[in-house]
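Dropping the sequence and predicted coords here.
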Amino acid sequence: MPDGEAISAASLPRHPEHEVEQAYVSTAYEMLDKGLAAVEVTYNTYEEGNRATSFALKRALDLLRNSRGSGQLVFGRVDRPHEEPLYIGRRRVHDETKNLLVAGWHSPAAQVFYEASPAQPSGLALKRVFVEQDRVLSQVVDEITASTAVDVLAGRSDGPTPLSDALLIELDRSRDGVMREVVATIQAEQFRAIRAPRQGVLVVQGGPGTGKTVVGLHRAAWQAFNDADLRRTGILVVAPSTAFLSYMSGVLPSLDASDVLQVDLGSLYAGEALATGWERPETARIKGSAAMSEVLHRALTARRGWAEGDLEFALGGARASLTGDEVRELVTDAASRRLPHNQARDVLRQSLSAAAFRAYSEAQAAAGRAVIATEPALRRLSTFTNALDRMWPTLTPEEMLRGVYGTQTWLVDAASGVLSADERALLFREPRSSIDDEPWTAADLFCLDELSYLLNGEGRSYGHVVVDEAQDLSPMQARALARRCPSGSFTLLGDLAQATGQWIRDDWQELTVHLHHQPAQIEDLTVGYRVPGPVVELAAGLLPHIAPDLAVPRSVRQGLGAPTVHVAAQSDADLLATVVTLASADVEAGLTTAVVVPDQDHAEVYEALTAKFADRVGDGAAEDFGRALTVVPVSMVKGLEFDAVYVVEPSAIAAGGADGLRRLYVAMTRCTQLLRLICTADLPPGLRHLLPNEVPADQGRVDETDDVDDPRKPTAGPGLAELIDMLDDDDRELVVALVHRLARSTQR
Ligand SMILES: Nc1ncnc2c1ncn2[C@@H]1O[C@H](COP(=O)(O)OP(=O)(O)OP(=O)(O)O)[C@@H](O)[C@H]1O
């Protein structure tokens, strides 16, 4: 992949076979249209009544319509010596006599298209790439020709592989708030991860913008086509949030893989509770830890048992009686069945009524009295149901968890030896008057999910599960996912440097152990397709502080140049004025722009920008990402991308909790073209060298720092910046304030 300069798409001469290829592509579209028309006729004339067939026809129609609409029906061709050319496209197309015109991207025959490169032609005499818009070819480029193979053999192909034109054009498209499929431009290292065997856990890791989400989605589609087992057992794709789900959820349908189910992590638990509450991060961490599963298991076990004496039921004038020991034996037997709690209760109900009825019958016989009552009548006695509830209550997850949090004695019993007294104290909360009023939190949902499993057993499961932003998963979340995938076949997409929240970790093993007993396979993605090179370099300045062992991806983008730093005077009004001035120009220039702010500043900035830009502003907190300008709280920006990104008050973001610098790293790596850092004073460690040597006297005017394209360039003197970084916070503040004061006095 590219170290060298990319070839410009516009500069290429027209290919001599352009017309021939255009004719081929047009024929393919014609066949597709005919297929669509034929299915439409069949569907419209099909007798209602055969629902399954009619559903299949409707689905075929949808697929065809999708493929027809979104272009790139044919995006490549490969020729092997002495063989017919093979055309590759988004889906398979036949002619009227069932001859293959286009092989689908996911077919084994198409593999070589993704794997062969000029450096490794894989036996191809020709690899031709098409760029098409609305059924018209705009580019035909031969990436491999017969002479490439000769060059390779003669050792003449050591130079960098130029970027494919198709990739350049795809990368150049402005971002419009939704993710697109990229079948035409999948790169070799991505393709390797897409088709990696499905055994145990596969971790696809890489820096920001290396295509992890792209790989995960295309891998799901690839498997949906190529793995017959999975068509039966199903594939689940899990997005980290609803915002991210709406951003990426169009990709799979556009790949004809609408059967793959997509959900956000918070919706995995399908019970009554909704996460509306807030809690301290320390509490969320305890609730997310694997120890919590032990606590819940113990708490539930403690709800079963019989500490009372004999159990007696009045049946008309007679009595049925069991000793305390007999009851305890029945309870022990039910517990030994390894059934979910509520199912085991049914077993106990049967055995208890049978034993009580037997005792009653024997007593009647011994007394020479007739057996008048029946066993069902015994089971309907309120004394029977009450006793059963005391020894083995029917529970919902919500009732159970509310009881655990709100009953000191239960908490102490369940958590002793597992959680410390302080940790127990963090879990305790007064129960609300009704379950509906409980302030359930995001972490509670996974405790409820665990309880739902303990109480009612397994729910729907899948043959393979793909999880995005997996670095953030808690052990309890991992357990919830493992329950949904008994085969342990997972694709985890993530970047340990972008971990935020309570589960920052240095390696994957600590997480994957909750999913599968075997160690995970790791596939690395090393090339970045989103973030321009100068921005990647700048953000890399944070890596030593957050993930020193991770490599920086190689970016294929230049974007619109070096990141800029803008220092406003220390007032909200000046800061907002700076944002407005910059946004006016960038939005005018057609850049979709995100203003990423510390969470607590979101409402104020959104209001100010709405006053200025009216309905061109979207509220990122409400997941409105389709407008020219979006104000996004930093906690919601993960995984998203925009043409231009402004990071407002990086120091405040960095200071916002233990994961602050990581959130800043995430925020800085969201742009495809341009990054602007807008601050009132200090910048956090790793970025301080960007502060101008001299702060202008008329602070508040926009100050573009042009010489930040090389972060190692001595803007403020790298040695000095490093020294300052070593100081403790108080000393650092003093030094920074002093530098600012001196700078101002020199100006005057
Ligand atoms: N082969 C490709 N062809 C065209 N575009 C690509 C390709 N690979 C990735 N991209 C584009 O690069 C951008 C980043 O991709 P993606 O979001 O999958 O990266 P990521 O590694 O998941 O990022 P993050 O770490 O921020 O979550 C997207 O716009 C995606 O469409």
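Received, thanks. Please read all numbers here as calculations on a predicted model, not as lab measurements. Numbers count the residues shown, from 1 in each chain.

So the closest residue to His15 other than its chain neighbours versus the ligand, what's the distance?
Nearest residue to His15, sequence neighbours excluded (C-beta to C-beta, 6 or more residues apart in numbering): Val140, at 3.7 Å. Bear in mind the C-beta positions are built from the backbone N, C-alpha and C, glycine included. Noted for Val140: a distance of 19 Å to the ligand, by C-beta to the nearest ligand atom, to the nearest Å.

number of nearby residues for Val140?
23 (other C-beta atoms under 10 Å).

Please name the residues that touch it.
By C-beta atoms under 8 Å, 6 or more residues apart in numbering, the contact set of Val140 is 14-15, 17-18, 21, 128-130.

Let me know the helix or strand that it is in.
strand 136-144 (DSSP states H and E).

Can you tell me the strand partners of that strand and which way each runs?
Note on strand 136-144: by DSSP bridges, its sheet partners are strand 126-133 (antiparallel).

what sits up against the partner strand?
Residues contacting strand 126-133 (C-beta under 8 Å, 6+ apart): 9, 21, 25, 71-79, 85, 113, 116, 121, 137-146, 164-166, 169, 184.

got the phi/psi numbers for the spatially most central residue of the chain?
Nearest residue to the geometric centre of the chain (C-alpha atoms, centre = their mean): Asp468, 2.8 Å. Main-chain torsions, Asp468, degrees, to the nearest 10: phi -90, psi 160.

what's the closest non-adjacent residue to Leu448?
Nearest to Leu448 is Pro397, by C-beta to C-beta, 6+ apart, at 4.3 Å.

Relative to the ligand, how far out is the one you found?
32 Å.

Could you name the helices and strands sitting against whatever helix or strand Gln190 lives in?
Assigned by DSSP H and E, Gln190 belongs to helix 188-194. On a contact count with 3 or more C-beta pairs under 8 Å, 6 or more residues apart in numbering; DSSP states H and E, helix 188-194 meets helix 111-115, helix 212-226, strand 521-525.

Check whether the longest one comes near the ligand.
This points to helix 212-226. Yes: contact of helix 212-226 with the ligand (C-beta under 6 Å from any ligand atom) involves 212-214.

Apply the buried test to the residues you listed and list what passes.
212-214 (16 or more other C-beta atoms under 10 Å).

Show me what from the stretch 151-300 of the chain comes close to the ligand.
So far as C-beta under 6 Å from any ligand atom goes, the stretch 151-300 of the chain lies against the ligand at 167, 170-171, 179, 182, 185-187, 190, 206, 208-214.

count of neighbours near Val25?
Residue neighbour count, defined by other C-beta under 10 Å, stands at 23 for Val25.

next one: the one 10 residues further on
By other C-beta under 10 Å, the residues close to Gly35 number 19.

Close to the ligand: what parts of the protein are there?
Residues of the chain found near the ligand (C-beta under 6 Å from any ligand atom) are 167, 170-171, 179, 182, 185-187, 190, 206, 208-214, 495, 498, 529-530, 639, 641.

could you redo the last one with a cut-off of 5 Å?
170, 182, 185-187, 208-214, 529-530, 639 (C-beta under 5 Å from any ligand atom).

Test my guess that Val579 contacts Val595.
Yes: proximity of Val579 to Val595 meets the contact threshold set by C-beta atoms under 8 Å, at 6.0 Å.

which neighbours do the two share?
605, 609, 646, 648.

Double-check that the third one belongs to a strand.
Yes: according to DSSP: H, G, I helix; E, B strand; the rest coil, Tyr646 belongs to a strand.

Check the gap between it and Thr301 for me.
54 Å (C-beta to C-beta, to the nearest Å).

These two - which one has more neighbours?
Between Tyr646 and Thr301, counted using other C-beta under 10 Å, the more crowded position is Tyr646 (28 against 14).

any idea of the pLDDT on the more buried one?
At Tyr646, the pLDDT value in this model is 97.

Quick check: beta-bridge partners of it?
According to DSSP bridges, beta-bridge pairing links Tyr646 with Val595, Arg676.

List the contacts of it.
Contacts of Tyr646 (C-beta under 8 Å, 6+ apart): 579, 582-583, 593-596, 676-678.

again with His517
Here His517 is in contact with Gly488 (C-beta under 8 Å, 6+ apart).

quick one on the thing from earlier: out of the contacts of strand 126-133, which end up buried?
Here, 16+ other C-beta under 10 Å leaves 9, 21, 25, 71-79, 113, 116, 121, 137, 139-145, 164-166, 169, 184 buried among those.

Out of the helices and strands packed on helix 188-194, which gets nearest to Asn342?
Asn342 sits nearest to helix 212-226 of all those, at 33.6 Å, using C-beta to C-beta.

Next SSE downstream of the helix or strand containing Ala478?
Per DSSP H and E, Ala478 falls inside helix 475-483. As assigned by DSSP H and E, the chain's next helix or strand after helix 475-483 is strand 490-494.

In the helix or strand that that following strand is followed by, which residues are buried?
Following strand 490-494 in sequence order, the next helix or strand is helix 509-512 (DSSP H and E). Going by neighbour count (16+ other C-beta under 10 Å), the buried part of helix 509-512 is 511-512.

tell me the mean pLDDT over helix 509-512?
95.

How about stretch 680-689?
The average pLDDT for stretch 680-689 rounds to 85.

try stretch 551-565
89.

Would you mind measuring the gap between the ends of that stretch?
25 Å (C-alpha to C-alpha, to the nearest Å).

Give the buried residues for that stretch.
Applying 16+ other C-beta under 10 Å to stretch 551-565 flags 552-553, 555-557, 559-560, 562-565 as buried.

quick one on the thing from earlier: next, the buried residues of the helix holding Gln190.
Neighbour counts over helix 188-194 (16+ other C-beta under 10 Å) mark 189-194 as buried.

do stretch 607-616 as well
608-610, 613.

Quick check: Arg304 touching Met391?
Yes: contact status for Arg304 versus Met391: in contact at 6.6 Å, counting by C-beta under 8 Å.

burial measure for the residue nearest to Val552 when sequence neighbours are not counted, as a count.
Once flanking residues are discounted, Val552 sits nearest to Ala540: 4.3 Å by C-beta to C-beta, 6+ apart. By other C-beta under 10 Å, 20 other residues sit near Ala540.

what's the answer for the one 4 residues further on, then?
Residues within reach of Pro544, counting by other C-beta under 10 Å, total 12.

can you tell me which residues contact it?
Applying C-beta under 8 Å, 6+ apart, the residues contacting Pro544 are Gly686.

Is it within a helix or a strand, and which one?
Using DSSP H and E, Pro544 falls in helix 543-546.

mean confidence score for that helix?
Here the average pLDDT along helix 543-546 is 90.
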